[in-house]
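**Student:** have a look at this prediction, sequence included:
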Amino acid sequence: MPDPSPFVLKAEVLLKLAGAPYEVDFGGLGKAPKGKLPFIRDDGETIADSTFIRFHLERKYRFDFDRGLDAEQKGVAWAVEKMCEDHLYWTLVDARWLDPANFARGPAAILRRARAPIRPIVKSVVLRKLRKTLIAHGIGRHSRREIEELAGRDLAAIAAILGDKPYLMGAEPHGVDATVFGAVGSCLSRAFETPIRAAAESYANLVAYCDRMMQRFYPDFAG
């Protein structure tokens, strides 16, 4: 994937949809006002969180990410976004960070920034905090198999809503597609071996959808 974070991908696709020129800064985590990525700086104003970045683009630049959608479609789009961000995302966190093999394939690289002597301590602290976060969310109270089953339900719902349409809500991409691409594309990432990836791959329309989004918004990466 062009970025390991579904939320960073969402923000980038929103910027691309809006036709807003931007530059990427990979060293910004320490300056993130909410302690998480993404955030943007626009004419001296800092906006954190991908959803509030969307709101900012809508308010300041008058770009309508829901253009052409009726009230029911807007409701469906918002519900799907929240399912991806507040449910499906956390199943991915469990699969990537708390499965030792997948941790070694991805998140371990982040911890290499720490000095070698303290790396095991940093890893222990990070994983302990993450487990507490997942338990507080609720997803961490389930078994791995149960979490994977929940992720499968999310993916089945997205596949059903997508159907045979090019994009989630129709012939052209909308704001919701930025979120869905970030979430489902991350599920399909070949960097990780998980039943969640297998579930996503079982839906040909989801695979084709992510390929379509990649070609449209990241043609250099897709090529």
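**Tutor:** All right, it came through fine.

**Student:** what separates the helix or strand Glu148 falls within from the chain centre, distance-wise?
**Tutor:** Mapping Glu148 onto the secondary structure by DSSP states H and E places it in helix 144-162. Helix 144-162 sits 15 Å away from the centroid of its parent chain (CA atoms, centre = their mean, to the nearest Å).

**Student:** who are the packing partners of the very next helix or strand once past it?
**Tutor:** Sequence-wise, the next helix or strand downstream of helix 144-162 (DSSP H and E) is helix 175-187. If contacts are counted by 3 or more CB pairs under 8 Å, 6 or more residues apart in numbering; DSSP states H and E, helix 175-187 sits against helix 6-18, helix 50-61, helix 71-83, helix 89-97, helix 144-162, helix 195-201, helix 204-217. (C-beta placed from N, C-alpha, C; glycine too.)

**Student:** can you rerun that using 7 Å?
**Tutor:** helix 6-18, helix 71-83, helix 89-97, helix 144-162, helix 195-201, helix 204-217 (3 or more CB pairs under 7 Å, 6 or more residues apart in numbering; DSSP states H and E).

**Student:** which residues touch that helix?
**Tutor:** 1, 6-7, 9-10, 13-14, 17, 54, 65-66, 77, 80-81, 84-85, 88-89, 92, 155, 158, 167-169, 196-197, 200, 206, 210, 213 (CB atoms under 7 Å, 6 or more residues apart in numbering).

**Student:** sorry, back to before: list the buried residues for the helix holding Glu148?
**Tutor:** Neighbour-count burial for helix 144-162, counted by 16 or more other CB atoms under 10 Å, picks out 147-148, 150-152, 154-155, 158-159, 161-162.

**Student:** got the angle between it and helix 175-187?
**Tutor:** Following axes from the mean of the first three to the mean of the last three CA atoms, to 10 degrees, one obtains 140 degrees for the angle between helix 144-162 and helix 175-187.

**Student:** which elements pack onto helix 144-162?
**Tutor:** Right, helix 144-162 is packed against helix 71-83, helix 89-97, helix 175-187, helix 195-201, helix 204-217 by 3+ CB pairs under 7 Å, 6+ apart.
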